[in-house]
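>>> Fold the following.
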Amino acid sequence: MSAPLVTHRGGCHCGRVRFEVDAPAAVDALDCNCSICRMTGFLHLIVPAARFRLLDGEDALTEYRFNTGAARHLFCRYCGVKAFYVPRSHPDGYSVNVRCLDAGTVERVMVTPFDDNDRDAATAAVAHLSKD
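Next up is the predicted model:
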């Protein structure tokens, strides 16, 4: 049986981009060691697209793609924070930066390494995360 879901809210630093995501109160986060995640300190909470809602700031987002171009890195063009994006490993879902969630709904965070050096195996191990 899976854990009950709560609605977490979050956003970028300047507050122009706001979202909500349905996920357990005890968050399982992935710490990816790829270049962009390592350099920005992104902690991944991957959810199916149906459990993510952009509330405000669509017009404040700018997109960056690199390497294969599959991942849609979305940044606030005002403050530069990437609060969420569409990851290459889960193009049918969203990855929310746990560090961008508002206080109050997260009970605890468990962090699991995601080894980008063995992307196929790491992706296969977490493929279920973006499925309903």
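>>> make it CA atoms for all contacts and neighbour counts henceforth
Will do.
>>> So which bits of the helix or strand where residue 121 lies are buried?
Per DSSP states H and E: residue 121 is located in helix 119-125. If you call a residue buried by 16 or more other CA atoms under 10 Å, then helix 119-125 has these buried ones: 122, 123.
>>> contact partners of that helix?
Here helix 119-125 makes contact (CA atoms under 8 Å, 6 or more residues apart in numbering) with 89, 114, 115, 116.
>>> Throw the residues you listed into CSV and include neighbour count, thanks.
CSV is the format used below for these (neighbours: other CA atoms under 10 Å):
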residue, neighbour count
89, 20
114, 20
115, 16
116, 16
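>>> need the strands for the protein, in chain order.
If you assign secondary structure with DSSP state E, the strands in the chain sit at 5-11, 18-24, 26-32, 44-48, 52-56, 61-64, 72-76, 84-86, 93-97, 108-114.
>>> Can I get those in a markdown table including distance to residue 127?
As requested, the strands of the chain are arranged in a markdown table below (distance: least, CA to CA, whole Å):
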| stretch | distance to residue 127 |
| --- | --- |
| strand 5-11 | 19 |
| strand 18-24 | 16 |
| strand 26-32 | 12 |
| strand 44-48 | 10 |
| strand 52-56 | 17 |
| strand 61-64 | 23 |
| strand 72-76 | 18 |
| strand 84-86 | 14 |
| strand 93-97 | 10 |
| strand 108-114 | 12 |
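>>> Can you lay out those strands as a markdown table showing distance to residue 122 and mean pLDDT?
As requested, the strands of the chain are exported to a markdown table (distance: least, CA to CA, whole Å; pLDDT from 0 to 100):
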| stretch | distance to residue 122 | mean pLDDT |
| --- | --- | --- |
| strand 5-11 | 25 | 98 |
| strand 18-24 | 21 | 98 |
| strand 26-32 | 10 | 94 |
| strand 44-48 | 13 | 95 |
| strand 52-56 | 23 | 98 |
| strand 61-64 | 23 | 94 |
| strand 72-76 | 19 | 92 |
| strand 84-86 | 17 | 93 |
| strand 93-97 | 15 | 95 |
| strand 108-114 | 6 | 91 |
